[in-house]
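Enquirer: Just a sequence and a predicted model for now, questions to come.
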Amino acid sequence: MMTGMSKRVVKELVYDASPDEVRAMLFDPAFRERVLADQRVLRGSARVDGGVVTVEQVQSADGLPSVATKIVGDEISIVQRETWTTDDHADVEVTIPGKPGEITGTATLLERDGATIERIDLEVSVRIPLVGGKLEALIAGMLEKALDKEQATGRAWLS
């Protein structure tokens, strides 16, 4: 049986703060909503329930290749759920409701040289024949840009 390829995104977000300060920021819905605003989403919200952080957002599909907009339409809904199983580890799941694809992985906080690194390791898979690989690459690129923006927002938030 042939399995589809997937695309991996690994990113380290570096913050000049303690792991406790970074964790507090990540668990603050106001921070998550600031990130959404900075990412220019059409609408979005964040909530924290115990060790689970859920971020819902709707982004415009403007500027996406037609192969993507045929599948997602004019807007893309994205639901990101982080389940923090320990103080420094979360299982991350990102879904596009109603669409054949998923992003799964982990977020890990580690201390290095007086800074805190949030290491994001995600696997993007889109189960659509022929265009799946193209869409995976596209989504991976979008994720990387979003994480860059999150790091910039986080650094400003913590300073």
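Expert: Here it is on my side, so go on. Residues are numbered from 1 along each chain as shown.
Enquirer: thinking Glu102 is in contact with Arg81, fair?
Expert: No - between Glu102 and Arg81 there is no contact under C-beta atoms under 8 Å: 11.3 Å. Backbone N, C-alpha and C define where each C-beta goes, glycine included.
Enquirer: Please enumerate the shared neighbours of the two.
Expert: Counting by C-beta atoms under 8 Å, 6 or more residues apart in numbering, the common neighbours of Glu102 and Arg81 are 93-95.
Enquirer: now, which of those residues lie within strands?
Expert: 93-95 (DSSP state E).
Enquirer: So Glu34, which state does it fall into?
Expert: To be clear, residue 34 is Arg; Glu isn't right here. Assigned with DSSP: H, G, I helix; E, B strand; the rest coil, Arg34 falls in the helix class.
Enquirer: Now do the contacts for it.
Expert: 153, 157.
Enquirer: 10 Å instead, please
Expert: Contact analysis of Arg34 by C-beta atoms under 10 Å, 6 or more residues apart in numbering lists 25, 28, 46, 150, 153-154, 156-157.
Enquirer: and what of Thr108?
Expert: 12, 86, 88-90, 117-121.
Enquirer: name the element it belongs to?
Expert: For Thr108, the host element (DSSP states H and E) is strand 101-112.
Enquirer: Of all the residues in that strand, which ones are buried?
Expert: Burial within strand 101-112, assessed by neighbour count using 16 or more other C-beta atoms under 10 Å, is assigned to 101, 103, 105, 107, 109.
Enquirer: do the same with stretch 110-127
Expert: Neighbour counts using 16+ other C-beta under 10 Å place 116-120, 122-126 of stretch 110-127 among the buried residues.
Enquirer: which is the next helix or strand following the helix or strand bottoming out on mean pLDDT in the chain?
Expert: Sorted by mean pLDDT, DSSP states H and E, the helices and strands of the chain end with helix 66-72, the least confident at a mean of 82. Later in the chain than helix 66-72, the nearest helix or strand by DSSP H and E is strand 75-86.
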